[in-house]
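In: prediction below, plus the sequence it came from.
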Amino acid sequence: MDKLRAMATFVAVAEGGSFTDAAARLEMSAVMVGKYVSQLEQRLGARLLERTTRRQSLTDAGRVYAEECRRVLEQVAAADASVERLRAAPAGTLRISAPVTFGACAVAPAVADFLTRYPEVRVELELSNRAVSLVEEGFDLAVRIGDLRDDSLVAKPLCLYRMVICASPDYLKRCGTPASPADLGAHRCLSHMVWNRRNAWHLAGEEARSAWQRDPVLRCDDGLGLKMAALAGGGLLLQPEILVRRELARGELVRVLDDWLPQPRPVTLLWRQDLRPLPKLSRFVEMLMEAVGEEKKGAD
């Protein structure tokens, strides 16, 4: 019996409450989960779980054993990490979570450079606008936009997330260039589908805020889709500057209403507290700070 594997499996059952939940988390069959738990019970000579048709609950012995298993597994993980820290070059798997647009435009290119420089590293990059739990979901690094609520993590400011309003030259030629938010009523506006009154980007001033939210002609759940519609002359676009930076530089999109843009939001890097972060994490943070910092200087 693989004792450590069996202990990790039992802890997963204790935390998830069922063999099915543990199997999904560990990517094994529920039957195999049951075998590991049964082997532990036979070896210990004690029942660890009370089983029903749908759920398992810990016995008194199970509660004590689960806590001791957690401590053992943490010590093993710490021992493994101490060896990895001794390696001169970054290695292993680096798990990163980043918002969709910023992650695709800024983080993914940095990941490509990082992998070229450090071939012993593998990266799992999840692009999602949800706030992941670094500890519970096993992420090494998270990129967050906006105010932070978790002060248990290390936080490092990265850059500012700026918005821009723009349209294609063809659209502006056909429909005119808005001089103030009051002109938006006569224009075709493109809007992100997830925006609402609580989380939308608001233009400066109450008049501007209500004007932008008025009846968009296109709502889409993807920023790239909105950009492509704007390039095709579909209307005015309000999106992150990083998404349209190249198109603006080439003149394929033209900025408008700069005086009424929403306030920039801070972009922050988050990782778990560690006196000596692993090289795969510390080196990537350095590279991302350098890459995005240069982009930020060019935009200022």
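Out: Received the coordinates, thanks. As the structure is a prediction and not an experimental result, all values here were calculated from the model.
In: name the nearest residue to R144, sequence neighbours excluded.
Out: T268 (5.1 Å; Cβ to Cβ, 6 or more residues apart in numbering). Heads up, the C-betas are built off the backbone N, CA and C, glycines and all.
In: and that neighbour, which of the three is it?
Out: Three-state assignment for T268 (DSSP: H, G, I helix; E, B strand; the rest coil): strand.
In: contacting residues for it?
Out: 143-145, 148, 155-158 (Cβ atoms under 8 Å, 6 or more residues apart in numbering).
In: which ones are touching the closest residue to L261 other than its chain neighbours?
Out: Nearest residue to L261, sequence neighbours excluded (Cβ to Cβ, 6+ apart): M163, at 5.6 Å. Counting by Cβ under 8 Å, 6+ apart, M163 touches 201, 238-241, 261-262, 264.
In: again, but for A6
Out: 36-37, 39-40.
In: of those, which belong to strands?
Out: Among the contacts of A6, no member falls in strands (DSSP state E).
In: for those, which one is nearest A104?
Out: Y36 (39.6 Å; Cβ to Cβ).
In: so what's that closest one up against?
Out: Y36 neighbours (Cβ under 8 Å, 6+ apart): 1, 5-6, 9-10.
In: could you redo the last one with a cut-off of 6 Å?
Out: 6, 9 (Cβ atoms under 6 Å, 6 or more residues apart in numbering).
In: V100 too?
Out: V100 touches 127, 129, counting by Cβ under 6 Å, 6+ apart.
In: give me the pLDDT for it.
Out: At V100, the model reports a pLDDT of 92.
In: after the helix or strand of the chain with the lowest mean pLDDT comes which helix or strand?
Out: The helix or strand of the chain with the poorest confidence is helix 206-212; it has a mean of 54 (mean pLDDT, DSSP states H and E). Next helix or strand after helix 206-212 toward the C-terminus (DSSP states H and E): strand 218-220.
In: mind listing what's buried along that following strand?
Out: 218, 220 (16 or more other Cβ atoms under 10 Å).
In: return the distance of it from the chain's centre.
Out: Between the centre of strand 218-220 and the centre of its host chain there is 23 Å, according to Cα atoms, centre = their mean, to the nearest Å.
In: quick one: contacts of it?
Out: 190-191, 193, 226, 229.
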